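Q: curious how this folds, go ahead:
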Amino acid sequence: MPKFAANLTMLYTDSPFLERFARAQASGFRFVEYLFPYDYDLGTLANALAQHHLTQVLFNLPAGDWGTGERGIAAQPDRIAEFRQGVARALQVAQVLGVKQVNCLVGKRDENIPLAEQRRVMIENLRFAASELGKRDILLLVEMLNPFDVPNFLIPSPTEAFALQDAVAAPNLKIQYDVYHAQRSEGELANTFQHNLARIAHVQIADNPGRHQPGTGEINYRFLFDWMDKVGYTGYIGLEYIPTGTTEQSLGWVKEYGYNL
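A: Predicted structure coming up:
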């Protein structure tokens, strides 16, 4: 049975962020995730989780200036110190909130820097982050972002993500397999998932086109959820989609597919 997590960055966006915890609980969720905790008081976040009986399963390392389009700094040679400070900050957050998985968005191609140098820095930074998180028994995740939504992202496909995982060779580095991004870049969802099951620690979902809830596009989620169960996936599935209508209205597919939150 899938363990669905509400992505509070994408869902319930008609409410202020701190009010979304209550709405997630009211919808029946037991698990949540969101992109970044750094603008909020940690005590306030911890209280929101406890008050609404929610477990947080994921957040991201600091990823640079999101508003200007940055999507990570792991491959920037002049920002290694900033990246490592971000790892320390994320560790503090993870310990307070009890989160056991932290995702890294690695960033975009910088044409002013040789690609080989960006890749070298990225690998070294990921090894450092994995080592630091591993001391607290926390997984480091990396994910692909498709080249249509995020041009020039350094990991544009599952193939590239698995290759980076091999290059870093850290036992606690796993893949966050975002089905939406995987479909837009490569497809071949079921077989890729099955053949790389041991590499994958977290899943996120949205349909395509539009990045809306399951059932609105071309991805056969009825089949895919059954397939994940069949091959033995036991991790969380983050609902990182843009709801059509309210979030509550968008959740009808859960019961329709025979699941509970």
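
Q: right, and residue 75 touches residue 124 too?
A: No: if you go by C-beta atoms under 8 Å, residue 75 and residue 124 don't touch, sitting 10.0 Å apart. Every C-beta, even on glycine, is put in place using the N, C-alpha and C of the backbone.

Q: looking at the two, which is more packed in?
A: Looking at residue 75 and residue 124 with other C-beta atoms under 10 Å, you find the greater number of neighbours at residue 75, namely 26 against 16.

Q: confidence score at that one?
A: Here the pLDDT value assigned to residue 75 is 98.

Q: spit out the contact partners of it.
A: By C-beta atoms under 8 Å, 6 or more residues apart in numbering, residue 75 lies in contact with 106-107, 110, 118-119, 121-122, 125, 154.

Q: with residue 63 instead?
A: Listed by C-beta under 8 Å, 6+ apart, the contact set of residue 63 reads 36, 70-73, 105, 107.

Q: whichever of the residues you listed end up buried, select them in ChimeraX.
A: If you want just the buried ones from the contacts of residue 63 in ChimeraX, going by 16 or more other C-beta atoms under 10 Å, the selection is:
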select :71,72,73,105,107
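
Q: what residue of the protein is the furthest out?
A: Taking C-alpha atoms, centre = their mean, the residue of the chain most remote from its mean C-alpha position is residue 112, at 28.2 Å.

Q: burial check on residue 1, number of neighbours?
A: Neighbours of residue 1 under the rule other C-beta under 10 Å: 9.

Q: and the strands in the stretch 151-261 of the chain?
A: Taking DSSP state E, counting those that start in this stretch as the test, the strands found in the stretch 151-261 of the chain are 173-178, 200-205, 236-239.

Q: got the ones you listed as JSON lines, with mean pLDDT, mean neighbour count and distance to residue 187 columns?
A: Conversion of those to JSON lines gives the following (pLDDT from 0 to 100; neighbours: other C-beta atoms under 10 Å; distance: least, C-beta to C-beta, whole Å):
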{"stretch": "strand 173-178", "mean pLDDT": "98", "mean neighbour count": "24", "distance to residue 187": "13"}
{"stretch": "strand 200-205", "mean pLDDT": "98", "mean neighbour count": "23", "distance to residue 187": "15"}
{"stretch": "strand 236-239", "mean pLDDT": "98", "mean neighbour count": "24", "distance to residue 187": "19"}
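
Q: any chance of those strands in a markdown table, with distance to residue 221 too?
A: A markdown table is the format used below for the strands of the stretch 151-261 of the chain (distance: least, C-beta to C-beta, whole Å):
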| stretch | distance to residue 221 |
| --- | --- |
| strand 173-178 | 14 |
| strand 200-205 | 7 |
| strand 236-239 | 10 |
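
Q: mind jotting down where the helices sit in this structure?
A: In the chain, the segments counted as helices under DSSP state H are 20-27, 42-51, 80-97, 115-134, 158-168, 179-185, 189-195, 221-231, 247-250, 252-256.

Q: mind giving me the packing neighbours of the fourth one?
A: So that's helix 115-134. Judged by 3 or more C-beta pairs under 8 Å, 6 or more residues apart in numbering; DSSP states H and E, helix 115-134 is in contact with helix 80-97, strand 101-104, strand 139-143, helix 158-168.

Q: and if you look at the shortest one?
A: Contact partners of helix 247-250 among helices and strands, from 3+ C-beta pairs under 8 Å, 6+ apart: helix 20-27.

Q: give me that answer again for 7 Å
A: Contacts defined by 3 or more C-beta pairs under 7 Å, 6 or more residues apart in numbering; DSSP states H and E place helix 247-250 against no helix or strand at all.

Q: what do you get for the first one?
A: When contacts are defined as 3+ C-beta pairs under 7 Å, 6+ apart, helix 20-27 packs onto no helix or strand at all.

Q: perfect, I'm done here.
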